[in-house]
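# Need a 3D model of the following:
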Amino acid sequence: MALRLPKIIPLFPLPDLVFFPRVCLPLHIFEPRYRAMVRDALEGERIIGMTLLQDGWEELYYGNTAPIHPVGCAGKITAVQSMEGGRFNITLFGLTRFTVHDQFCDKPYRQGWVEPFHDHGEPPPFPPELKAEIHDLVREFGRLIARAAQVEVFLTRVIDDLTFLNICCSELPFTALEKQLLLEATDPVQQARRLVDLLRFNIGSLAHKPAPTKTVGS
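Presented below is the predicted three-dimensional model:
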């Protein structure tokens, strides 16, 4: 998939969303510049690159010059619904991570000259102890955030290790910057170890969080 990525792709920067390969992402497209982006993508290779905005994006957001993190994820439009007023509902399927080397603003939306991460085929399976640790930590994290039942259903799904890893990174309630750190890992094993570290940190924080104080009326 990485080898099929065009050198120049449309970029869709958002302040609070990090996209991962092998994950489906539903999006509602309403800004005029991004409606144009979707129309152009549908006439071409249906590729859109998602990136995370850096701090200080607010004043520059509408000028296509707000700073972005250079590592993003490209997705292919797999479903589209045209709506009233030119809006769209679309679904992206994550293809590959990329690095942005340059940006262009000759269209209503920005475009990027990108280089895909060179992942050579399917990675080897995770070490069994690492996989077991992730399952245990995800299960404990789900219990602490009151989503134990949903997590248990997810853990019983039959999916490959890399898809499991990316869905965990995408769906667990980490901050956008924490997810960006996961996205930027050099390989799946480093990504998995970073996920373990984040899970341990969040579990420790939740486990030591004081219970809310109840006010008793007089």
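# what domains does the record give for the protein?
Following automatic domain parsing, one gets these domains for the chain: 2-116, 128-207.
# Would you mind listing the buried residues in the helix or strand of the chain with the lowest mean pLDDT?
None of the helices or strands of the chain scores lower by mean pLDDT, DSSP states H and E than helix 148-155, at a mean of 90. Residues 151, 154 are the ones in helix 148-155 that count as buried (16 or more other Cβ atoms under 10 Å). (C-beta placed from N, C-alpha, C; glycine too.)
# Distance from the chain centre to the helix or strand that that helix is followed by, please.
Using DSSP states H and E, the helix or strand that follows helix 148-155 in sequence is helix 161-171. Distance of helix 161-171 from the chain centroid (Cα atoms, centre = their mean, to the nearest Å) equals 10 Å.
# which residues make contact with helix 161-171 from outside it?
Contact partners of helix 161-171, identified using Cβ atoms under 8 Å, 6 or more residues apart in numbering, comprise 18-23, 94, 122-123, 125-126, 131, 134, 138, 154, 157, 159, 179, 182-183, 188, 191-192, 195.
# Only whichever of those residues are buried, select them in PyMOL.
The buried residues among those can be selected in PyMOL (16+ other Cβ under 10 Å) with this line:
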select buried, resi 18+19+20+21+22+23+94+126+134+138+154+179+182+183+188+191+192+195
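# Out of the contacts of helix 161-171, which sit inside helices?
131, 134, 138, 154, 179, 182, 183, 188, 191, 192, 195 (DSSP state H).
# Test my guess that the fifth one contacts residue 16.
I take that to be residue 179. No. Judged on Cβ atoms under 8 Å, residue 179 makes no contact with residue 16 at a distance of 9.6 Å.
# Any regions of the protein where pLDDT drops low?
1-3, 119-123, 210-218 (pLDDT under 70).
# Next, count neighbours for the closest residue to residue 30 other than its chain neighbours.
Leaving out its chain neighbours, the residue that sits closest to residue 30 by Cβ to Cβ, 6 or more residues apart in numbering is residue 87, at 4.9 Å. When neighbours are defined as other Cβ atoms under 10 Å, residue 87 has 16 of them.
# what's downstream of the top strand by length along the chain, the next helix or strand?
Longest strand in the chain, counting residues (DSSP state E): strand 88-104. Next helix or strand after strand 88-104 toward the C-terminus (DSSP H and E): strand 111-116.
# Can you list the buried residues in that following strand?
Neighbour count says strand 111-116 has 111, 112, 114, 116 buried, by 16+ other Cβ under 10 Å.
# quick one, what contacts the third one?
Which is residue 114. For residue 114, the contacting residues are 5, 7, 8, 9, 49, 72, 74, 98, 99, 100, 101, by Cβ under 8 Å, 6+ apart.
# what sits against the second one?
What it means is residue 7. 113, 114.
# The last one too?
Under the criterion of Cβ under 8 Å, 6+ apart, the contact list for residue 101 reads 112, 113, 114, 115.
# would JSON lines of those with distance to residue 58 be doable?
Below are the contacts of residue 101 laid out as JSON lines (distance: Cβ to Cβ, whole Å):
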{"residue": "112", "distance to residue 58": "21"}
{"residue": "113", "distance to residue 58": "26"}
{"residue": "114", "distance to residue 58": "25"}
{"residue": "115", "distance to residue 58": "29"}
